[in-house]
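J.: Attaching a predicted model along with its sequence, questions to come.
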Amino acid sequence: MSLKKQLRQEVLAHLSALSQTQRSEKQASLYKQLFDSLEWQQAKTIAVTISKQPECETRPVIEQAWKEGKGVFIPRTVTNGRLMEFCSYTHKTDTRDVYGLQEPLLEAISTSKDSIDLILVPGVVYHQNGYRIGFGGGYYDRYLADYRGKTVSLVFEEQLSDKVVAERYDIAVQRLIISN
C-alpha cells in the first residue's frame, strides 16, 4: 500500500472516530477562525465543496457567506481531462451526485478563476507547510496551478502529519486554519 493511501486511511479513521461533541467543538473553532480571518473578510466570492462525512461540515460556511452577501461557487467536474470548474451556487441551485459529491447540474454556468477571491481547499491529510493529500484525482492541484486568489483549508488537528511529501504537481494551500 502506498504511503498516501495509508495516511488517507489512517486520518479518515481518526476523523470517523470523533464523537459528535468533539466534532462540533472543533468545527466551531474552525468557523470562528475562518470568519475572523482577513482572507474571509476581504473576499467577495468564495469557492467551496459541499462536504461529506467525515470532513469539516461546509454548509455553515456557505450559509454565512450568503448571509454576508458573498457569492458562493461549488465545483463541477469536467469529464474530459479530469478537470473541474466552479459554478454559482444559491438556495435554488439544483445539484447531482457525482463521485459522492454534490455538483451543480450541467446547465449551470461556470465562472472564471479571476472572479473567485477565496477557495476553501478540501483535503484529507495536511503538512504544516500547506501541502496536502486530497481524496485522489488531483483536481484541485490542476485547478490551483494558475489560480491567483487566496486559498485556505479548514483542518482538524487529527489531519496534520509530517509524513506528507510534496510531489511535482502539488500546490500548497496558502493558509491552514487548524482546530484548537
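T.: Yep, it's here.

J.: C-alpha only now, for contacts and for neighbours.
T.: Will do.

J.: And the lowest mean pLDDT element among the helices and strands of this structure?
T.: Lowest mean confidence among the helices and strands of the chain (mean pLDDT, DSSP states H and E): strand 95-98, at a mean of 83.

J.: hmm, who's touching the longest strand along the chain?
T.: As assigned by DSSP state E, the longest strand anywhere in the chain is strand 71-78. Under the contact criterion C-alpha atoms under 8 Å, 6 or more residues apart in numbering, strand 71-78 has outside partners 44-50, 62, 65-66, 83-90, 103-104.

J.: quick one: average pLDDT of that strand?
T.: The average pLDDT for strand 71-78 rounds to 94.

J.: Can you list the strands that that strand pairs with?
T.: With DSSP bridges as the test, strand 71-78 is paired with strand 45-47 (parallel), strand 83-88 (antiparallel).

J.: Go through this protein and flag its longest helix.
T.: helix 20-36 (DSSP state H).

J.: what packs against that helix?
T.: strand 150-155, strand 175-178 (3 or more C-alpha pairs under 8 Å, 6 or more residues apart in numbering; DSSP states H and E).

J.: Please list the residues outside it that contact it.
T.: Against helix 20-36 from outside (C-alpha under 8 Å, 6+ apart): 40-41, 56-57, 61, 154-156, 177-180.

J.: change it to 6 Å
T.: Outside of helix 20-36, the residues within contact range by C-alpha atoms under 6 Å, 6 or more residues apart in numbering are S179.

J.: Please point out which parts of the next helix or strand after it sit buried.
T.: Using DSSP states H and E, the next helix or strand after helix 20-36 towards the C-terminus is helix 38-42. For helix 38-42, a neighbour-count test (16 or more other C-alpha atoms under 10 Å) marks 39-40 as buried.

J.: Please put the alpha-carbon coordinates of helix 38-42 into CSV.
T.: What follows is helix 38-42, C-alpha atoms only, in CSV (Å, rounded to 0.1, in the frame of the first residue of the first chain):
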residue,chain,number,x,y,z
LEU,A,38,-8.6,38.6,6.7
GLU,A,39,-8.9,36.2,3.8
TRP,A,40,-12.6,35.7,4.6
GLN,A,41,-13.3,39.4,5.4
GLN,A,42,-11.8,40.6,2.1
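
J.: average pLDDT for that helix?
T.: 98.

J.: tell me what it is packed against?
T.: Here helix 38-42 touches no other helix or strand, going by 3 or more C-alpha pairs under 6 Å, 6 or more residues apart in numbering; DSSP states H and E.
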